[in-house]
Structure formats: C-alpha cells, structure tokens
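# Got a predicted model here, sequence first, then my questions.
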Amino acid sequence: MWITSSLQSLKTPTFVALGNFDGVHQGHRKVIEPILTAAGVGTPVLAGSERASVESPGLQNAHPTVVTFHPHPQEFFTGQRRLLLTPIAEKAKYLESLGVEQLVLLPFDQNLANLTPAQFVEHILIEQLQAQRISVGQNFRFGRQRAGTTADLQRLAADYGVPVDIAPLQTDNGERISSSAIRQALSEGNLQRANRFLGRSYCLVGQVTPGQQLGRALGFPTANLTLPSEKFLPRSGVYRVWVQAATGQLAEHPQAGVMNLGYRPTVDGSRLVVEVHLLDWSGDLYGQTLSVHLEQFLRPEQKFASLDELQAQIRLDCNAARTQLSATS
C-alpha cells in the first residue's frame, strides 16, 4: 500500500473514500465498498482491461484510495491527544487487506480547516486527488466549521461530473455502529459488542520487551508488550486472547493465551503494563511483534494478599480460558 501525507506524491487518478475510519469497523467498510467495486477489486472486471470500473467502462487505472485526516480534527481543535482504535500502521494493514491501494493522510492544519466546502472539493478532491468517484458516510461533514453536508458534496462534485456514493449508517441489533460506541464497549469490557461492531476481534499490536519476569517466577512466563502511545486501551483486567507473531511459528499457528492489562496492584505496580501468557507454549519472543486478539473479558484487575494467592488466581484464569476454548471449538 502507498501511504502519503503529501499531495505532491499521490497516485492519481483516484476513487476516494473520505472520512476518519478509526477502527475500520463494519460501517467504515460500507463506505469503502463502492470505490473497491468501481476499481474492480473483488468483482469481475471488464474483459480486455486489467482493472476497469463496472459502471464507467472507459475509466481505467484509478487507484482505490482512502483519504483521512492527520491529526484527527478533534485533536487539532482541542489540543488534546486523541487515542486511536487503529493507529496509522494498524489502519493501513486493515485497509490493505480490503484491497485499498493508497492511504492519504491529509495534514489537518488551519489552512485546511479554513477551506470552504466548495474550495475543499475543487482544490483537494478534484485538482489534487483527481477524484473520479467519491464515497462518504451519511453523517460526513466537511469544510470550514463543518458546514458542508453530503448533499452539498453531491452537488459540488456533480459540477465536475464526479458521482458521490453515500453509505447509510450501519446498525447492529438496533444500535448504531460507530467508533465511539466501540470505545464505550471496550471501556466496559464488553468485547462481544465491540468485536461485533468491528467485524473482527479488537487487537493490540506491540513489541515484546524485557519485564520484571514475575510471571516466570510464578510459573506463568509472560511476554510484555510495548504498544504505540496513541493506542486506545480497553478496561483493565484479564482477557482470553489469541496471539499471532509477524514471523516464525506463531505467524502460521496463532496460540491461545491469557492477557493481563493493568497496574499489577499485588506487587505495587506504578505503570500500566500489558503482559501475555501463552497457554501450553514455550519459546523466546523477545524483540518480536505480536498481535494480541482480544476474545473475552475474564475478570477485573484485583489486588491479592500474597503472591501465592495471585499464582492460584492465574491458574484459575488459564483454566477458564481453556474451558471457553473447548466450548467454542
């Protein structure tokens, strides 16, 4: 995938899906689908062309492109760091797996914020991106003070002969699927709801770094993960997880495990740690990048009177994870 924050290094022309796409959840994928279909990704292409639009057979070689903003507009206006469900590297991986060829990170600054809706369409979408088709969500707003609506976007783009697809808001069991709803579910430890909205398991991606080796001393060695500082973390506690590595045995064969996210109050911990114990597995993971897929919240973090009590509880956690695995296999 081509990733750029410079409008001078774009691959053009483009089919553009426009939005923030934090989480790349099921609603976001409905916004992205029209540009993939137009590019013939995952659909039959016209005979005699490597890739052509089914609806516009004369248009070839337009790149399915996701355009988002960096930093997030809310972060720019408030000056407060916004934690992300999918930091850039993770977002890019999910988008690439869908068939998106290019990720454009529009630098969100005062100049961009000052553009009127008409200026944004003309200067950014038409002149710079050379957009041949545009797709947005139903609640998309753009331009100075978010004055532009989807109806405005359709009207302005029509002046340049560019069609605009508007994806309706997606719901699940009557609940609207959104990044904020996923954040709330994760904060509550409600993985079932969060993962359903995402269409996959919530994932923490980080590098294994040396820890205090307390888990090893208790008979449950753990891999300590260093995560991107901007990653949104779920409720502190113990989780059943699947663990996959970028290379090696765990790349081809993900392993079940138990993850602790918290401050380790039993040993008077002072910083948040993420540590994973792989069930029935041993090996050296130092330096590797692991993807930890969260499947089930087992219990909140708690303080124990002794290390023996902590050891006994870890054993119960591992047994609970195995029982759940047997029930789902």
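Right, received. Where do you want to start? Residues are numbered from 1 along each chain as shown.
# quick one: contacts for Leu98?
24, 29, 32, 36 (C-beta atoms under 8 Å, 6 or more residues apart in numbering). Where C-beta positions appear, they are placed from N, C-alpha and C, glycine not excepted.
# Let's see if you can find the most crowded of those.
Neighbour counts for the contacts of Leu98 (other C-beta atoms under 10 Å) peak at Val24, which has 25 neighbours.
# what's near enough to touch that residue?
Val24 neighbours (C-beta under 8 Å, 6+ apart): 86, 91, 94-95, 98, 198.
# I'd like to know how many residues surround the residue lying closest to Arg81 once chain neighbours are set aside.
Of all residues not flanking Arg81 in the chain, Glu75 sits nearest, at 6.3 Å (C-beta to C-beta, 6 or more residues apart in numbering). Glu75: 17 surrounding residues under other C-beta under 10 Å.
# just the strands in the stretch 101-250 of the chain please.
Remark: strands assigned in the stretch 101-250 of the chain by DSSP state E, counting those that start in this stretch are 102-107, 131-137, 164-167, 171-172, 175-176, 202-209, 223-226, 237-245.
# okay, the angle between the longest one and strand 202-209?
When you say that, I think you mean strand 237-245. 70 degrees (axes from the mean of the first three to the mean of the last three C-alpha atoms, to 10 degrees).
# partners of strand 237-245, with directions?
Strand 237-245 has the following strand partners under DSSP bridges: strand 255-262 (antiparallel), strand 289-300 (antiparallel).
# Please identify the deepest-packed of the strands of the stretch 101-250 of the chain.
strand 131-137 (a mean of 24; mean count of other C-beta atoms under 10 Å).
# For that strand, enumerate the helices and strands it packs against.
strand 14-18, helix 26-38, helix 150-158, strand 164-167 (3 or more C-beta pairs under 8 Å, 6 or more residues apart in numbering; DSSP states H and E).
# who's in contact with the residue lying closest to Phe197 once chain neighbours are set aside?
Excluding the flanking residues, the one nearest Phe197 by C-beta to C-beta, 6+ apart is Ile177, at 4.7 Å. The neighbourhood of Ile177, defined by C-beta under 8 Å, 6+ apart, consists of 25-27, 169-171, 197.
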